[in-house]
Every structure is written in C-alpha cells, then in structure tokens.
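> no sequence on this one, just coordinates:
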C-alpha cells in the first residue's frame with residue numbers, strides 16, 4: 001500500500017504536534033509538505049524534524065500541489081472553512097482542527113460540497129478517540145445504563161495565556177465546542193432542541209468590555225428527554241481538567257481523568273497525585289489516534305468517525321449559546337436561523 005502524502009497547513013502549537021505525528025508516528029503516511037503564512041516558519045519546522053519536505057507560505061499552493069493526497073488543517077480557527085473548501089474542490093481528503101467553521105453558512109457548504117464530491121472530511125474532536133470516552137460511548141450505545149437522562153461535560157484549562165489576544169466568543173467556538181460534540185457522542189442518536197448559556201469574565205474581569213469571556217455554563221435539552229450541563233473555565237490552577245458523566249435509567253458512566261498516571265502518593269502530607277498541565281500530555285494518545293484513524297479512512301475508503309455533520313451540530317449549539325448569552329434567554333434550535 002502506497003503511503004499517503006499529507007500536506008500540513010499551520011506550523012504553530014497544534015500544527016507542530018500533528019506534523020510530528022504524521023512524520024514519526026504514522027507508518028502509512030508521509031509529511032510531504034508544510035504551509036505557514038509566517039515567512040520561514042514552514043522551513044524551520046521541516047528542518048527541526050529533519051525531513052526533506054516542501055515548504056509553502058500560501059496554503060492554497062500546498063492544496064493545489066498534485067502530489068499531496070490529503071490535507072491536515074491546523075491554521076487559526078477563522079481560516080479553517082476556506083481551507084477546507086479549497087481542499088474539497090481539489091478532491092483532497094481533509095482533517096481539520098475544530099472548529100470546522102465559525103458560521104453555519106460555511107459549515108453547511110462544507111457538508112454539501114464534500115457529499116457531492118465524495119471527499120472525506122474529518123474534524124478534530126479528539127474526545128471521540130480518547131479511550132475512556134470511546135469506551136463510554138460504546139457502553140451507552142449498547143444500552144448498558146438504560147436511557148441517558150442527565151449528562152455533564154467539563155473543560156477547565158490550566159492557565160489563561162495571552163488573554164488580550166483571545167478572539168470574542170472563543171469559549172464557545174473553540175473550547176466548549178469539544179464538550180458540545182462530546183455530549184452528542186455520549187447521547188447517541190439524540191439531537192439538541194434547546195440551549196441556555198451564561199458566561200462572564202471571572203479570571204480577567206478587566207477584559208470583559210473587550211469581549212473576553214473566560215467562564216461559562218451551558219444547559220442543553222435533547223429530543224430524547226435528556227438534560228445536559230457543560231462548563232468551561234480558562235484557569236484551573238490544579239491542572240488540565242477534562243471529564244464527562246452520563247447518568248441513565250439503569251446506571252451511570254464517567255470518563256476522563258486529570259492524573260498523569262495511576263500512581264497515588266501517600267505520605268505525611270496526606271494523599272496526592274500528579275496532574276496533567278497540558279492538553280498534548282493529557283490527550284496524547286487521542287491526538288495520535290485521530291490522525292491514525294484519518295489515514296486509515298482515506299487509505300481504505302471508510303467513513304470518518306468525527307464528520308462534518310458532527311461539526312455542524314456542535315457549531316449549532318455554540319452559536320445558540322452565543323445567542324443565549326446575548327439575549328439572556330433559552331434558544332430553541334428549530335426556531336432560530338443561526339449565522
């Protein structure tokens with residue numbers, strides 16, 4: 001089987017991790033090219049990896065390179081949709097970091113075009129690939145805890161960095177969007193019907209007038225009767241905290257852990273354990289497995305496990321959350337055109 005030639009767009013924090021994974025951890029893929037608009041960034045990254053790959057500053061040139069079989073997009077969030085659409089038009093399979101788009105017009109266009117041209121699009125909802133979340137989904141789908149009734153999802157980042165540079169509504173479009181997808185994943189077959197959200201700047205109240213919201217809680221009602229709550233905060237001093245809980249008519253399932261390992265320390269200070277402080281540590285295997293799955297789907301013509309349609313639903317909840325914060329009212333998803 002021919003190795004997949006992958007083009008990477010974005011050589012920043014997440015792009016560098018994905019690039020290392022493609023080059024060093026995936027036996028059936030080659031990091032063929034890297035594009036980054038910052039002059040010299042792609043070349044520096046390629047040199048760091050010791051590769052003989054092509055470097056571009058224009059992502060479109062990489063997408064149009066006939067030797068590129070598939071594209072991994074890890075550029076800034078507001079550029080995702082245009083890069084995804086360009087790749088689909090070139091017939092290139094796409095892995096795109098979340099969010100796939102920040103408005104429904106572009107998200108729906110991606111779904112329609114990828115379907116019409118039969119081009120695979122996978123979105124970086126890594127919790128679908130984390131072993132605990134994946135096992136929880138399988139258990140819930142099998143009916144082992146009966147009908148889901150109450151769901152919870154939590155994302156708490158360990159430190160608020162570069163707060164002044166965070167775009168407006170990031171907490172919904174780029175952070176909680178993971179939780180929105182996780183709740184859909186852990187409530188199989190159900191669809192959200194109503195969203196109510198509250199948010200504030202509790203870590204940096206001085207930046208609230210600039211559009212920063214660093215703390216949020218969202219309640220979601222589903223068409224199967226389940227009620228979900230999800231929360232996010234940009235500064236948990238104790239570590240990177242990602243967890244979920246599903247309570248059903250016949251039991252309960254939890255997933256997620258903050259620990260670096262199963263080791264627990266017992267001494268004169270009490271009982272303690274070390275915690276993860278970085279997403280690429282806590283979710284290392286999930287980040288690798290999602291790209292491994294992407295390559296496998298492209299090579300064997302299989303459907304993605306985190307689709308463009310999944311990304312549309314998560315985006316609908318995110319946009320409804322924003323509308324709810326603005327109006328201080330619950331938002332019924334079937335009664336609003338969310339743009």
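Yep, that arrived. Computed from a predicted model, the values in this text were never measured in an experiment.

> quick one, domains of this structure?
When the chain is parsed with automatic domain parsing, its domains come out as 4-126, 127-285+314-335.

> Now the shortest one: average pLDDT?
It stands for domain 4-126. Averaging pLDDT along domain 4-126 gives 97.

> now the domains of the chain in a markdown table, with mean neighbour count?
Every C-beta, even on glycine, is put in place using the N, C-alpha and C of the backbone. Shown next, in a markdown table, are the domains of the chain (neighbours: other CB atoms under 10 Å):
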| stretch | mean neighbour count |
| --- | --- |
| domain 4-126 | 20 |
| domain 127-285+314-335 | 18 |
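
> Among those domains, which comes closest to residue 303?
Within the domains of the chain, the stretch nearest residue 303 is domain 4-126; the backing value is 7.6 Å (CB to CB).

> Now do the closest one: distance to the chain's middle.
From the chain centre to the centre of domain 4-126 is a distance of 15 Å (CA atoms, centre = their mean, to the nearest Å).

> Quick check: end-to-end length of it?
Using CA to CA, to the nearest Å, one end of domain 4-126 lies 21 Å from the other.

> Run through the residues that contact the residue nearest the centre of the chain.
Centroid-nearest residue in the chain, with CA atoms, centre = their mean: residue 125, separated by 3.6 Å. Listed by CB atoms under 8 Å, 6 or more residues apart in numbering, the contact set of residue 125 reads 98, 178, 181-182, 185, 290, 306, 310-311, 314.

> So which of these belong to helices?
Per DSSP state H, helices hold the following members of these: 178, 181-182, 185, 290, 310-311, 314.

> Work out for me the element the closest residue in space to residue 304 that isn't next to it in sequence sits within.
Once flanking residues are discounted, residue 304 sits nearest to residue 122: 3.8 Å by CB to CB, 6 or more residues apart in numbering. Using DSSP states H and E, residue 122 maps to strand 121-123.

> who are the neighbours of that strand, in terms of helices and strands?
strand 93-96, helix 284-300, helix 308-327 (3 or more CB pairs under 8 Å, 6 or more residues apart in numbering; DSSP states H and E).

> outside of the shortest one, which residues touch it?
For strand 93-96, contacts defined as CB under 8 Å, 6+ apart pick out 69-73, 80, 83-84, 87-88, 114, 119-124, 290-291, 294, 297-298.

> what does the last one give?
The contact list for helix 308-327, computed with CB under 8 Å, 6+ apart, reads 98-104, 107-108, 110-111, 114, 121, 123, 125, 169, 172-173, 176-177, 180-181, 184, 191-192, 195-199, 213, 216, 218, 220, 330-331, 333, 336, 338-339.

> returning to what we had before: now for the helices and strands packed on strand 121-123, which one comes closest to residue 241?
For these, distance to residue 241 was read as CB to CB. The smallest value, 15.4 Å, belongs to helix 284-300.

> quick one: the closest one to chain centroid distance?
Relative to its chain's centre, helix 284-300 lies at 14 Å (CA atoms, centre = their mean).

> For that helix, list every residue counted as buried.
Applying a neighbour-count criterion of 16 or more other CB atoms under 10 Å, one finds 284, 286-295, 297-299 buried in helix 284-300.

> Can you identify each of the helices in the stretch 151-300 of the chain by residue range?
Along the stretch 151-300 of the chain, counting by DSSP state H, counting those that start in this stretch, helices occupy 170, 176-185, 279-282, 284-300.

> oh, I was asking about the stretch 1-150 of the chain
Remark: helices assigned in the stretch 1-150 of the chain by DSSP H, counting those that start in this stretch are 13-24, 41-49, 59-64, 80-89, 104-116, 131-142.

> Report all helices and strands that the fourth one contacts.
Under the contact criterion of 3+ CB pairs under 8 Å, 6+ apart, the helices and strands touching helix 80-89 comprise helix 59-64, strand 70-73, strand 93-96, helix 104-116.

> List the contacts of stretch 150-162.
Residues outside stretch 150-162 that contact it (CB under 8 Å, 6+ apart) are 175-176, 178-179, 182-183, 186-187, 203-204, 214, 226-247, 256, 277-278.

> now stretch 216-229: mean pLDDT?
Averaging pLDDT along stretch 216-229 yields 98.

> whoops, I mixed them up, stretch 296-312
Average pLDDT, stretch 296-312: 97.

> Span of that stretch from start to end?
23 Å.

> Check the offset of that stretch from the chain's centre.
Relative to its chain's centre, stretch 296-312 lies at 14 Å (CA atoms, centre = their mean).

> Tell me the buried residues in that stretch?
Buried, per 16+ other CB under 10 Å, within stretch 296-312: 297-299, 304-312.

> end to end, how far does stretch 289-308 reach?
Stretch 289-308 has an end-to-end distance of 18 Å (criterion: CA to CA).

> ugh, wrong one, I meant stretch 73-86
Start-to-end, stretch 73-86 (CA to CA) is 11 Å.
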